[in-house]
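Asks: The sequence and its predicted three-dimensional model are supplied below.
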Amino acid sequence: MTHDEVDALATGWRAAGMPATLVAALELSKRASRLTVLFEAAVKAELAELGLTYAEFEVLAALARTPAPHRLRPSELSKSLFITSGGTSNVLQRLTTAGHVERTDNPGDARSRWVQLTPDGLRLARTALELASRAQQDVLAGVPDEAVRHAADALRDVLAIIGRRRVR
């Protein structure tokens, strides 16, 4: 069995008398956090070369993944990226000012607007996605594909249960 930096913490938790189920939950949480930090750090380093923040990249990537004309409502972006409407608004303002996205009226609903990629924004999004993909592959270098698939499936199983309920 391989060991990581969380194992040392878990040893301490067990020695402190924490129940095994709590130790397992803490290990899961710490490892998920550590993976997030490693992935985001690698991607952020690549995005810096493009002058993008991670949040800007996430918005551009979400829009690029939608079918042409690559547009969504701001509320759809917030929901799909797990960020607040205020956070989305700030990012959209920066991307609009930079000429990467534009906001257009929604003829089907006068109360909402569309956000869509400009041609420059689509080119930037594609470049950023390539760099992010390479960065993630670099982070996972040496990890067997089956281990990645197993971990992804296991995390889906956990999120399918806890993601449905409101966590306090």
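Replies: The structure has been received and is ready for your questions. All of these numbers come straight from a predicted model, not from anything done at the bench. Numbering: from 1, shown residues only.

Asks: Does anything pack onto the strand or helix carrying A61? Which helices or strands?
Replies: Assessed by DSSP states H and E, A61 sits inside helix 54-65. Here helix 54-65 touches helix 20-50, strand 71-72, helix 74-81, helix 85-97, strand 101-105, strand 113-117, helix 119-139, going by 3 or more Cβ pairs under 8 Å, 6 or more residues apart in numbering; DSSP states H and E. Using the backbone N, CA and C atoms, a C-beta is placed for each residue, glycine as well.

Asks: quick one: it to strand 101-105, angle?
Replies: Between helix 54-65 and strand 101-105, the angle comes out at 60 degrees (axes from the mean of the first three to the mean of the last three Cα atoms, to 10 degrees).

Asks: let's have the chain start at 342 instead
Replies: In the new numbering, first residue 342, that becomes helix 395-406.

Asks: what comes up buried for helix 395-406?
Replies: 396-401, 403-405 (16 or more other Cβ atoms under 10 Å).

Asks: cool, stretch 410-423 as well?
Replies: 411-413, 415, 417-419, 422.

Asks: what's in contact with stretch 405-425?
Replies: The contact list for stretch 405-425 (Cβ atoms under 8 Å, 6 or more residues apart in numbering) reads 396, 399-400, 403-404, 426, 428-430, 432-433, 445, 447, 453-458, 463, 466-467, 470.

Asks: rewinding a little: now, which of the buried residues of stretch 410-423 sits nearest I503?
Replies: Closest approach between those and I503, by Cβ to Cβ: L422, at 19.2 Å.

Asks: right, and A469 touches A389 too?
Replies: No: counting by Cβ atoms under 8 Å, A469 sits too far from A389 to count as a contact (11.0 Å).

Asks: picking that back up, now, among the buried residues of stretch 410-423, which is nearest to A382?
Replies: Nearest to A382 among the buried residues of stretch 410-423, with distances taken as Cβ to Cβ, is L422, at 18.8 Å.

Asks: picking up where we left off before, restricted to buried residues, select the contacts of stretch 405-425 in ChimeraX.
Replies: Buried members of the contacts of stretch 405-425, defined by 16+ other Cβ under 10 Å, are picked up in ChimeraX with:
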select :396,399,400,403,404,429,432,433,454,455,456,457,458,463,466
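
Asks: before we move on, back to that, more neighbours, A469 and A389?
Replies: Counting neighbours by other Cβ atoms under 10 Å for A469 and for A389 shows that A469 has the greater number, 22 against 11.

Asks: Below-threshold pLDDT in the protein: ranges please.
Replies: 507-509 (pLDDT under 70).
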